[in-house]
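*Asks:* the amino acid sequence is not available; the structure is as follows:
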């Protein structure tokens with residue numbers, strides 16, 4: 001599974017939970033918003049002791065990221081598992097990811113699959129996307145692109161940018177189906193609209209190069225690379241800069257291009273830094 005997908009889903013899984021109406025959890029949220037993280041953690045701990053699923057889920061994020069406490073992946077696993085048992089779909093995804101990566105616990109793809117299945121069953125789109133990737137890779141599940149496609153379709157319906165992007169790739173590459181660039185573009189468009197960077201770059205590539213039934217349109221390619229860059233992806237900034245400095249492709253704007261190259265460098269594209 002691509003590192004970008006892992007990072008994207010981690011961010012999604014560990015975002016702060018939807019508000020609920022219990023005193024301790026409300027105080028946890030209030031202190032979190034005021035950046036009083038240690039106090040927030042203690043209020044969430046109290047609420048989780050009372051079996052509040054969102055509080056337990058939030059604690060998993062606190063321990064995973066080291067918010068208000070030292071990072072502790074083992075504690076993150078424990079709280080995500082508890083929140084999942086209480087019905088929090090994002091926590092099931094978080095537990096699955098930690099088992100898949102072997103963080104805070106021994107790496108266990110069977111356990112990861114179990115938690116992703118529960119997350120997807122509870123209608124969390126990224127949980128379905130992660131489950132699909134196990135079937136694509138044949139990791140923790142027998143490789144089966146047809147089954148993977150079913151989970152991707154469900155994930156995309158549930159607005160998972162990862163699921164939509166991967167489904168677009170299925171249509172682009174002809175995986176378990178005939179190649180259909182129009183369908184691929186539709187899924188990439190939805191993915192990009194959900195702020196998932198791979199969907200944006202795939203659209204940019206379509207319009208930069210032109211494919212069957214989709215004409216080359218460098219202005220559109222630039223729009224999608226710029227969106228890709230706005231999501232803080234170094235490659236998107238680099239691709240936007242390249243379009244702008246190549247006068248044969250698009251109107252030259254060297255000053256704007258340099259800003260994109262500078263941002264690409266700051267985001268870690270080291271080869272750009274070396275050419276400055």
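*Replies:* Received the coordinates, thanks. On a predicted model such as this, the values are computed, not experimentally measured, just so you know.
*Asks:* next secondary structure after the helix or strand where residue 113 lies?
*Replies:* Secondary structure from DSSP states H and E places residue 113 in helix 109-121. Toward the C-terminal end, the helix or strand that comes next after helix 109-121 (DSSP H and E) is helix 125-137.
*Asks:* quick revisit: what's in contact with the helix holding residue 113?
*Replies:* 84, 89-90, 92-93, 95-97, 99-100, 105, 126-128, 130-131, 134, 139-141, 151, 154-155 (C-beta atoms under 8 Å, 6 or more residues apart in numbering). Every residue, glycine included, has its C-beta placed from N, CA and C.
*Asks:* just the buried ones out of the residues you listed, please.
*Replies:* The neighbour-count criterion (16 or more other C-beta atoms under 10 Å) marks 84, 89-90, 92-93, 95-97, 99-100, 105, 126-128, 130-131, 134, 140-141, 151, 154-155 among these as buried.
*Asks:* how much space separates residue 73 from residue 109?
*Replies:* The spacing between residue 73 and residue 109, counted by C-beta to C-beta, to the nearest Å, is 17 Å.
*Asks:* next one: residue 115
*Replies:* Taken as C-beta to C-beta, the span from residue 115 to residue 109 is 11 Å.
*Asks:* of those two, who's got more company?
*Replies:* Per other C-beta atoms under 10 Å, whichever of residue 115 and residue 109 has more neighbours is residue 115, with 26 against 16.
*Asks:* could you give the mean pLDDT of whatever helix or strand residue 24 lives in?
*Replies:* Under the criterion of DSSP H and E, residue 24 resides in helix 23-33. Averaging pLDDT along helix 23-33 gives 92.
*Asks:* next, count neighbours for the residue lying closest to residue 25 once chain neighbours are set aside.
*Replies:* Distances taken as C-beta to C-beta, 6 or more residues apart in numbering place residue 47 nearest to residue 25, at 4.2 Å, with adjacent residues excluded. Number of residues near residue 47 (other C-beta under 10 Å) recorded here: 25.
*Asks:* likewise residue 106?
*Replies:* The local packing of residue 106 (other C-beta under 10 Å) involves 7 other residues.
*Asks:* since that was my last question, I'll sign off now.
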